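1. The sequence and its predicted three-dimensional model are supplied below.
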Amino acid sequence: MTIQLHITGDATADTLLSTDPLALLVGMLLDQQVAMETAFEGPAKIAARIEGPFDAATLAAYDPEALEAVFRETPAVHRYPGSMAGRVQALCAALVDDWGGDASALWTTGEPDGADLLKRLKALPGFGEQKAKIFVALLGKQYGVQPDGWRAAAGAYGDEGSYRSVADIVDAASLTRVRETKRAAKEAAKAATK
């Protein structure tokens, strides 16, 4: 199965996300307090700026100050370059220590079911319950990774046609629908607290 994601609108960034599981995982990690496109463009920016290959071992061993400088370079990888550089480095160190540096090992080693995959993701630095569920949905809906029980593990993010997250973005129109769904959810949450 050839995977071709269309998350960022940038062909280079989307190709990297489509072909490199680490890039997809790092993009998901970066997806907070910035636009989704900005977060998922981050791996391509990092790959273009670092010395050496874009892999978990390289990023885990990178000089922290040099990696922060990579994140700060204009255009910045993230609005919080210092903390996010540290989070990416911690994620990559965990991948090296626990998964041999292979991001795809999270879903290929030992043939995990959906619940196991969710548990593995939640054990990663920077991945809480919601982020892990969204990533399970992204893997299932767009990356062809559909272990038994993946939709249940992803919760509402796994629902067909839900337009709740990056897992549902396949083009500009679906991006707009995801933004509208998120906006409506925020308004409903505000109304519920009044």
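-> Right, received. Where do you want to start? Numbering: from 1, shown residues only.
2. Enumerate the positions of the longest helix along the chain that are buried.
-> Longest helix in the chain, counting residues (DSSP state H): helix 172-193. Buried residues in helix 172-193, counted by 16 or more other C-beta atoms under 10 Å: Leu175, Arg177, Val178. Every residue, glycine included, has its C-beta placed from N, CA and C.
3. Can you name the residues that contact the first one?
-> Leu175 sits next to Met36, Glu37, Ile169 when contact means C-beta atoms under 8 Å, 6 or more residues apart in numbering.
4. Could you count how many residues lie near the second one?
-> A total of 19 residues lie near Glu37 under the criterion other C-beta atoms under 10 Å.
5. Thr58 too?
-> Neighbours around Thr58, by other C-beta under 10 Å: 17.
6. any idea how far Asp63 is from the closest residue to it other than its chain neighbours?
-> Of all residues not flanking Thr58 in the chain, Gly52 sits nearest, at 4.5 Å (C-beta to C-beta, 6 or more residues apart in numbering). Using C-beta to C-beta, to the nearest Å, Gly52 is found at 11 Å from Asp63.
7. just Val70 next, same as before
-> According to C-beta to C-beta, Val70 and Asp63 sit 10 Å apart.
8. secondary structure class for the nearest residue to Leu22 once chain neighbours are set aside?
-> Nearest non-adjacent residue to Leu22, counting by C-beta to C-beta, 6+ apart: Ala103, 4.2 Å away. Of the three states, Ala103 takes coil under DSSP: H, G, I helix; E, B strand; the rest coil.
9. How about the one 3 residues further on?
-> When the structure is split into helix, strand and coil by three-state DSSP, Leu106 lands in helix.
10. Which element, helix or strand, includes the closest residue to it other than its chain neighbours?
-> Leaving out its chain neighbours, the residue that sits closest to Leu106 by C-beta to C-beta, 6+ apart is Arg120, at 5.0 Å. Per DSSP states H and E, Arg120 falls inside helix 114-122.
11. And that helix, what's buried?
-> Gly114, Asp116, Leu117, Leu118, Arg120, Leu121.
12. Identify the residues contacting the residue positioned nearest the centre of the chain.
-> Nearest to the geometric centre of the chain sits Met28, at 1.6 Å (C-alpha atoms, centre = their mean). The contact partners of Met28, by C-beta under 8 Å, 6+ apart, come to Ala39, Phe127, Lys131, Ile134, Phe135, Leu138, Val166.
13. thought Ala44 was touching Ala11?
-> No. Counting by C-beta atoms under 8 Å, Ala44 sits too far from Ala11 to count as a contact (9.8 Å).
14. Pick out whichever of those two has more residues nearby.
-> Ala44 (23 against 10).
15. Just give me how far the lowest-mean-pLDDT helix or strand in the chain sits from the chain centre.
-> Within the chain, no helix or strand scores below helix 172-193, which has a mean of 87 by mean pLDDT, DSSP states H and E. Relative to its parent chain, helix 172-193 has a centroid offset of 20 Å by C-alpha atoms, centre = their mean, to the nearest Å.
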